[in-house]
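A.B. asks: what's the 3D shape of this:
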Amino acid sequence: MHYALLIYRDDIRWSALSTEERDRIWDEAQRLADDTVKRGQFVAGAALHAPATATTVRMNHQKTVVTDGPFAETKEVLAGFLLIDCPSLDDALKVAARVPVLRIGGSVEVRPVGSRCE
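C.D. replies: Sure, this is the predicted structure:
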């Protein structure tokens with residue numbers, strides 16, 4: 001079963017970290033990704049650019065509207081994702097618990113990935 005680990009971080013807390021602290025978190029995140037590769041769990045993953053680089057698409061009165069920036073201002077932003085292959089939700093949660101931004105107030109949303117959206 002594939003699980004998406006959607007990784008959110010508090011951008012204010014992230015920005016307040018020293019370069020060395022951010023580098024340690026990035027290094028730990030890379031070690032986690034490398035470990036999922038070694039265990040045969042890794043499917044895909046990536047860090048995302050800052051929310052200010054986002055473009056949002058909406059429908060308004062049957063017309064497509066494209067705006068710069070994220071959907072809404074929020075404290076936590078989607079910082080990246082891992083797509084992993086695990087036999088159970090419990091195994092996916094064990095991987096999610098190792099995501100280093102949890103220590104600085106971040107969160108990881110774990111969702112099963114299906115063959116179609118429901």
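A.B. asks: which residues of this structure fall in helices?
C.D. replies: Along the chain, the segments classed as helices by DSSP state H run 11-16, 19-38, 89-96.
A.B. asks: now do the strands in this protein.
C.D. replies: 2-10, 42-47, 55-60, 63-68, 76-85, 107-113 (DSSP state E).
A.B. asks: just for this structure, where's the confidence low?
C.D. replies: The chain contains residues with pLDDT under 70 at 70-74, 115-118.
A.B. asks: could you give the number of residues near residue 18?
C.D. replies: Residues lying near residue 18 (other Cβ atoms under 10 Å) number 8. C-beta here means a position set from N, CA and C on the backbone, and glycine is covered the same way.
A.B. asks: same deal with residue 32?
C.D. replies: Neighbour count for residue 32, taken as other Cβ under 10 Å: 19.
A.B. asks: again, but for residue 13
C.D. replies: For residue 13, using other Cβ under 10 Å, the count is 14.
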